[in-house]
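Asks: Sequence first, then the predicted structure:
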Amino acid sequence: MSFSDALLRNAQAVLQLCREHSWMITTAESCTGGLIAGCLTEIAGSSDAVDRGFITYSNAAKQTMLGVTEEMLIVHGAVSEPVARAMAKGALARSDAHLAMAVTGVAGPGGGTIEKPVGLVHFGLATRTDATRTEHYVFGGNRQAVRLSTVEHAVAMLASVASP
């Protein structure tokens, strides 16, 4: 997947804001499979603002790598606000980062339900100093469009926290 010039400019701006605060970013990604970290690291010199990325596509990975509980996954499902929150907190706890961006969703084309349609993505953004923020959206389009929209929104969320 290639990233638009506009998205790369936004990613560059996020990295610059993080540099100004001496912050590092970590990602915890399910439905994007590492695309958020990939977008950020597409920028040369990003290693001074990107700590690491967790690709936790399976429930087992969410549990072992991020500390999401089995009970939470059973009660709420992987695509849920509590899991996005737990993923963000878990990534922050298991990294040297100041910001953790987590995403979990249904990219499609299958896997959707009435309650959790294709395109539904939950976002979790944790910082060392503030409460964890969550958002969710239902993006339209095919699998690639949902994943790209998710990356765009994640970068925008990171920018909103890093901005003065």
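Replies: The structure has been received and is ready for your questions.

Asks: which outside residues touch stretch 82-90?
Replies: 28, 30, 54, 56, 62, 65-69, 72-73, 76-77, 100-104, 122-126, 132, 134, 136 (CB atoms under 8 Å, 6 or more residues apart in numbering). All C-beta spots, glycine's among them, are computed from the backbone N, C-alpha and C.

Asks: Strands - which of those land there?
Replies: 28, 54, 100-104, 122-126, 134, 136 (DSSP state E).

Asks: hang on, the earlier thing: drop anything exposed from the contacts of stretch 82-90.
Replies: 28, 30, 54, 56, 62, 65-66, 68, 72-73, 76, 100-104, 122-126, 132, 134 (16 or more other CB atoms under 10 Å).

Asks: before we move on, the earlier item: determine which two of the ones in strands among the contacts of stretch 82-90 are furthest apart.
Replies: Farthest pair in the ones in strands among the contacts of stretch 82-90 (CB to CB) is 54 and 136. Separation: 19.8 Å.

Asks: got the residue ranges for the strands in the chain?
Replies: Using DSSP E, strands in the chain cover 25-29, 50-55, 99-105, 120-127, 133-138.

Asks: How far does stretch 122-131 stretch from one end to the other?
Replies: Length of stretch 122-131, first residue to last, CA to CA, to the nearest Å: 16 Å.

Asks: Does the lengthiest helix in the chain pack against any helices or strands, and if so which?
Replies: Longest helix of the chain, by residue count under DSSP state H: helix 143-162. Under the contact criterion of 3 or more CB pairs under 8 Å, 6 or more residues apart in numbering; DSSP states H and E, helix 143-162 touches helix 5-21, helix 35-41, strand 99-105, strand 120-127, strand 133-138.
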